[in-house]
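> Next come a sequence and a model predicted from it.
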Amino acid sequence: MRILGIDPGSRITGFGIIEREGNRLRYVESGCIRVGDGDFPGRLKAIFEGISDVVRIYAPEQVAIEQVFMHRNPDSALKLGQARGAAICAVMMLNLPLSEYSPAEIKKATVGRGNAAKEQVQHMVAALLKLPGIPQADAADALAVAMCHSHVGQTLQQIGAARGAKRGRYR
């Protein structure tokens with residue numbers, strides 16, 4: 001299964017693509033959509049187009065995105081939410097299933113602690129995916145989102161299998 005993770009941002013939106021093969025994760029691609037300092041509506045359009053291109057090129061089967069968290073500056077949170085909305089619209093226009101995870105859920109799934117530092121996330125992403133170097137922070141965050149989604153999916157499959165086995169034993 002191919003999973004696209006998205007770390008939305010109003011200037012830099014990270015993306016990361018992994019494949020889950022059984023219990024193994026394989027790195028496919030990652031990068032950043034850099035939209036610069038232009039007018040805000042133009043940046044939203046660039047995020048929409050950039051995510052649309054990533055989806056068309058890499059054909060993920062599932063998508064996961066980081067939820068917005070409240071910054072100290074409400075204006076920043078609103079801009080982040082709009083950037084996230086542009087990415088979500090790009091995914092939904094292509095009819096892909098989308099899941100959302102909080103920053104703490106993503107860090108806990110990747111590092112083991114919900115309050116991990118960005119550097120710890122980068123290090124663990126590189127180690128778990130056996131990358132030759134440390135990915136850029138926004139790309140690493142996006143890969144962590146995809147990895148979190150993969151872990152949640154595996155856990156749900158295991159729970160379903162366990163429930164099925166339990167039902168089978170007591171019939």
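Received the coordinates, thanks.
> Next, the buried residues of the helix or strand in which Ala86 is found.
Here Ala86, judged by DSSP states H and E, is contained in helix 74-93. By 16 or more other Cβ atoms under 10 Å, the buried positions in helix 74-93 come out as 79-80, 82-84, 86-88, 90-91. C-beta here means a position set from N, CA and C on the backbone, and glycine is covered the same way.
> Next, count neighbours for the residue nearest to Asp141 when sequence neighbours are not counted.
Leaving aside its sequence neighbours, Asp141 sits nearest to Asp7 (Cβ to Cβ, 6 or more residues apart in numbering; 3.9 Å). Asp7: 27 surrounding residues under other Cβ atoms under 10 Å.
> cool, and Tyr58?
Tyr58 has 14 nearby residues by other Cβ under 10 Å.
> State the pLDDT value of Gln158.
Gln158 carries a pLDDT value of 54.
> just checking, Glu61 touches Ile3?
Yes - with contact defined as Cβ atoms under 8 Å, Glu61 and Ile3 form a contacting pair (7.2 Å).
> Mind checking which of those two has more residues around it?
Shown here are Glu61 and Ile3; by other Cβ under 10 Å, Ile3 has more neighbours (25 against 12).
> Three-state assignment for that one, please.
Here Ile3 is recorded as strand under DSSP: H, G, I helix; E, B strand; the rest coil.
> pLDDT weak spots in this protein?
Applying pLDDT under 70 to the chain picks out residues 70-71, 154-171.
> What ranges does it have for its helices?
40-58, 74-93, 103-110, 118-128, 137-169 (DSSP state H).
> re earlier: tell me the gap between the helix holding Ala86 and the middle of its chain.
Distance, stretch centre to chain centre, for helix 74-93: 14 Å (Cα atoms, centre = their mean, to the nearest Å).
> ok so, going back, any idea which of the helices of the chain is most buried?
helix 103-110 (a mean of 20; mean count of other Cβ atoms under 10 Å).
> Dig out what Gly16 forms beta bridges with.
With DSSP bridges as the criterion, Gly16 is bridged to Gly5, Ser30.
> does it really touch Asp138, like I thought?
No - checked against Cβ under 8 Å, the pair Gly16 and Asp138 is beyond contact range at 9.2 Å.
> got the contact list for the spatially closest residue to Ile33 that is not a sequence neighbour?
Leaving out its chain neighbours, the residue that sits closest to Ile33 by Cβ to Cβ, 6+ apart is Gly50, at 3.5 Å. Taking Cβ atoms under 8 Å, 6 or more residues apart in numbering, we find Gly50 in contact with 13, 15, 33, 35, 90.
> separation between the last one and Glu100?
Spelled out, that is Ala90. Using Cβ to Cβ, to the nearest Å, Ala90 is found at 15 Å from Glu100.
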